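Participant: what shape does this take:
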Amino acid sequence: MAVKAITIKTVWPDALALSQAVANLIVTESNKAVAEKGIFTIALSGGSTPKLLFQLLAQAPYKNNIPWKKIIFAFGDERFVAPTSDESNYKMACDTLLDHVAVPKKNILGIQTVKVTPAQSAALYQKEIKKYVSAKQPFDLIMLGIGEEGHTASIFPKSPLLADKKDWVKNVWVAEKNMDRISFTMPFINQAKNIAFLVSGDTKAAIIKKVFSKSGATLPAAMVKAKENLFWFLDEAANGG
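Facilitator: Numbering: from 1, shown residues only. Below is the predicted model of the structure:
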């Protein structure tokens with residue numbers, strides 16, 4: 001019998017409490033997946049909110065309770081910049097988390113952005129992802145954020161990535177940010193077993209209110225569905241409190 005997907009929205013006092021809650025989820029889900037199938041696959045998000053989470057995961061007690069050697073780390077999207085750039089999601093994840101824990105380098109699937117075109121980068125990344133993820137074994141957890149206009153990953157309103165059922169990973173020119181990006185497509189994101197949105201700060205309150213209303217149904221973030229659990233982790237400021 002198919003599992004009915006559920007949406008779980010929780011509100012935390014501040015960004016630290018929110019990050020601790022997500023850290024606990026990662027401890028639980030990673031150990032459960034490794035016990036069941038020997039591997040845990042997670043796609044990280046960029047932006048400012050996950051930074052605090054990554055710093056927590058790199059410290060005790062979380063650091064000591066996660067099976068690092070059995071985790072495959074991917075990225076839901078990446079700016080088309082060098083991995084040494086301060087705008088790189090990969091660099092931020094390495095600086096705050098991945099360089100501080102016992103994860104094998106081969107388990108970190110960075111998006112190649114040097115000596116390739118954006119289209120080549122997306123094709124190479126899709127090929128890499130397919131070594132670990134399939135329709136039968138989707139991502140165990142994809143982490144996402146939300147922009148003030150409702151974008152998630154690098155899928156902005158009216159993006160061609162919203163309806164691309166052919167590709168898992170696609171390059172896209174984001175006019176709003178004046179740059180190329182590489183991103184999971186919406187149909188691929190929606191294959192994930194679990195998805196967790198991390199949203200903090202009062203600048204996100206208006207868009208969160210819209211996402212959870214009928215008027216926001218066409219926003220990219222509102223179109224995200226998970227196979228099992230769709231988690232919304234908000235702090236009180238983002239929830240309009």
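Participant: okay, now Leu57: neighbour count?
Facilitator: Leu57 is flanked by 23 other residues according to other C-beta atoms under 10 Å. Quick note: C-beta positions are derived from backbone N, CA and C, even for glycine.
Participant: tell me the spacing between it and Ile8.
Facilitator: Here Leu57 is placed at a distance of 20 Å from Ile8 (C-beta to C-beta, to the nearest Å).
Participant: again, but for Gly110
Facilitator: From Gly110 over to Ile8 (counting by C-beta to C-beta), the distance is 30 Å.
Participant: for these two, work out which one has more neighbours and name it.
Facilitator: More crowded of Gly110 and Ile8, by other C-beta under 10 Å: Gly110, with 20 against 13.
Participant: once you drop chain neighbours, what's closest to the spatially most central residue of the chain?
Facilitator: Nearest residue to the geometric centre of the chain (C-alpha atoms, centre = their mean): Met143, 2.7 Å. Nearest non-adjacent residue to Met143, counting by C-beta to C-beta, 6 or more residues apart in numbering: Ser45, 4.4 Å away.
Participant: wait, doesn't the one you found sit right on Val199?
Facilitator: No. Counting by C-beta atoms under 8 Å, Ser45 stays clear of Val199, with 10.8 Å between them.
Participant: ranges for the strands of this protein?
Facilitator: Along the chain, the stretches classed as strands by DSSP state E are 6-12, 40-44, 71-75, 77-79, 141-144, 169-174, 179-184, 194-199, 229-235.
Participant: so which of the ones you listed is nearest Asp95?
Facilitator: Nearest to Asp95, of all the strands of the chain, is strand 40-44, at 12.6 Å by C-beta to C-beta.
Participant: what's next to that closest one, contact-wise?
Facilitator: With C-beta atoms under 8 Å, 6 or more residues apart in numbering as the test, strand 40-44 has contacts from 26, 29-30, 33-34, 50, 54, 67, 70-76, 89, 93, 132-133, 137, 139-143, 184, 192.
Participant: next: stretch 206-218.
Facilitator: Under C-beta under 8 Å, 6+ apart, the answer for stretch 206-218 is 9, 146-150, 157, 199, 219, 221-223, 234, 238-240.
Participant: out of these, which end up buried?
Facilitator: Neighbour counting over those (16 or more other C-beta atoms under 10 Å) leaves 146-147, 150, 199, 219, 221-223, 234, 238-239 as the buried ones.
Participant: what's the farthest-apart pair in these?
Facilitator: Distance extremes for the buried ones among the contacts of stretch 206-218: the farthest pair is Met223 and Asn239 at 20.5 Å, using C-beta to C-beta.
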